[in-house]
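Q: Compute the structure for the input listed below.
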Amino acid sequence: MELRNMTLGQALKFLNQKESVFIDLRSREEYVLGHLKGAVNIPYEELEKEKKKLRKYQQIFLYCERGNVSLMAARDLKKEGFPVINIWGGVREMKKKYAGVADTIDGKAEKH
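A: Now for the predicted structure:
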């Protein structure tokens, strides 16, 4: 099965739905400065040990700063049978297109 990619605009319709989870793969410090509202923070370096908490029946959306790290993580999780989608462009794209959207971007940390 092929790895799926979406733009942030396409992925936003799934944000905060029970059957979806959005994972910010950046550092905790970067996450606190701004992230998708409702996203959980699992830094890429911790994904290997934290993936046991993920559910294979939930659609997993991954994002990072530019989309490169999330693409690597998506490939790894896909190989293990997780339903995963990589969000193209990451936070850089989010900041360009959605900088003023308060209900989409949250600057408060939500702990995982």
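
Q: Listing request: residues of the protein with sub-threshold pLDDT.
A: Counting by pLDDT under 70, the chain contains low-confidence ranges at 1, 98-112.

Q: ranges for the strands of it?
A: Along the chain, counting by DSSP state E, strands occupy 4-6, 20-24, 35-36, 40-41, 59-63, 84-87, 105-106.

Q: Quick one: closest of those strands to L71.
A: Nearest of these to L71, taken as Cβ to Cβ: strand 84-87 at 5.0 Å. Just so you know, the C-beta spots here come from the backbone N, C-alpha and C atoms, and that holds for glycine as well.

Q: quick one: contacts of that closest one?
A: Here strand 84-87 makes contact (Cβ atoms under 8 Å, 6 or more residues apart in numbering) with 3-8, 11, 59-63, 67, 70-71, 74, 77-78.

Q: What pairs with that strand, parallel or antiparallel?
A: strand 4-6 (parallel), strand 59-63 (parallel) (DSSP bridges).

Q: From T7, how far off is the closest residue to G9 other than its chain neighbours?
A: Closest residue in space to G9, ignoring its immediate chain neighbours: K97 at 7.2 Å, by Cβ to Cβ, 6 or more residues apart in numbering. To T7, K97 is 9 Å away according to Cβ to Cβ, to the nearest Å.
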